[in-house]
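Participant: Show me the folded form of this:
(one chain, ligands or ions: 1)
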Amino acid sequence: MTGLIQVVGGAVVDSLAGPAALLVARRSAPEHLAGMWEFPGGKVEPGEEPETALVRELEEELGIGVRLGSELPAEKPDGWPLNDRASMRVWFAEVTRGEPLPLEDHDELRWVDLQDREAVLGLPWIPADYPIVHALLGSVVVAPGRTR
Ligand SMILES: Nc1nc2c([nH]c(=O)n2[C@H]2C[C@H](O)[C@@H](COP(=O)(O)OP(=O)(O)OP(=O)(O)O)O2)c(=O)[nH]1
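Facilitator: Numbering: from 1, shown residues only. Next up, the predicted model:
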């Protein structure tokens with residue numbers, strides 16, 4: 001055991017087969033993170049599989065059921081470093097049930113156009129997320145002319 005806090009995040013896209021839009025969420029708490037955008041998700045509970053935790057968090061926070069796609073590859077098995085105590089693994093996901101709502105921890109949700117890199121990167125993300133967002137934008141091939 002490393003004592004690392006394992007966080008999981010969802011790169012929720014409109015379509016796993018041809019992603020054109022990404023669902024981003026603005027945190028409402030805690031105070032030092034309020035107003036910053038993030039991948040919805042949360043901490044893995046003891047004994048829980050990361051994918052199970054992500055499905056649970058997206059249900060709790062946004063009220064949606066999802067199908068998970070591939071993981072956004074990170075350099076380390078624990079995922080992307082968030083700080084000296086926490087790492088986040090990120091999976092692509094597609095909504096299979098419900099309409100996303102900011103039920104918990106967020107005050108706004110937004111679908112952003114993956115072709116508009118500047119708009120996506122211009123959001124005030126949690127600082128640790130910028131390398132993840134860059135990697136995500138580099139990994140998706142957006143079909144021309146497709147928008148949500
Ligand atoms: N969900 C999420 N958390 C992130 C991101 N980037 C980032 O630094 N974090 C940090 C913020 C928090 O310190 C931690 C995740 O904690 P959380 O508060 O979302 O976890 P949780 O829903 O399980 O909440 P709790 O039980 O601890 O109250 O990871 C991100 O993109 N998504």
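
Participant: contacts, neighbours, all on C-alpha from now
Facilitator: Will do.

Participant: Specify the local secondary structure of H134.
Facilitator: helix (DSSP: H, G, I helix; E, B strand; the rest coil).

Participant: ditto for S15
Facilitator: coil.

Participant: if I pick it, what's in contact with it?
Facilitator: Shown in contact with S15 (CA atoms under 8 Å, 6 or more residues apart in numbering): E94.

Participant: Look up how far the ligand lies from the spatially most central residue of the chain.
Facilitator: Geometric centre of the chain, nearest residue: F39, 2.5 Å, by CA atoms, centre = their mean. F39 sits 4 Å away from the ligand, going by CA to the nearest ligand atom, to the nearest Å.

Participant: residues contacting that residue?
Facilitator: Residues near F39 by CA under 8 Å, 6+ apart: G9, G10, A11, L23, V24, A25.

Participant: same for the ligand: which of those residues are within range?
Facilitator: G9 (CA under 6 Å from any ligand atom).

Participant: Same list (the contacts of F39) but as CSV, adding distance to G138 and secondary structure.
Facilitator: Below are the contacts of F39 laid out as CSV (distance: CA to CA, whole Å; DSSP: H, G, I helix; E, B strand; the rest coil):
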residue, distance to G138, secondary structure
G9, 18, strand
G10, 17, strand
A11, 13, strand
L23, 17, strand
V24, 17, strand
A25, 20, strand
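
Participant: longest single helix anywhere in this protein?
Facilitator: What stands out as the longest helix in the chain, according to DSSP state H, is helix 50-62.

Participant: From the contacts of F39, pick the one nearest the ligand.
Facilitator: Among these, G9 lies closest to the ligand (CA to the nearest ligand atom), at 5.2 Å.

Participant: what's next to the helix or strand containing Y130, contact-wise?
Facilitator: Assessed by DSSP states H and E, Y130 sits inside helix 130-139. Helix 130-139 is touched from outside by L72, W80, L114, R117, L121, with contacts defined as CA under 8 Å, 6+ apart.
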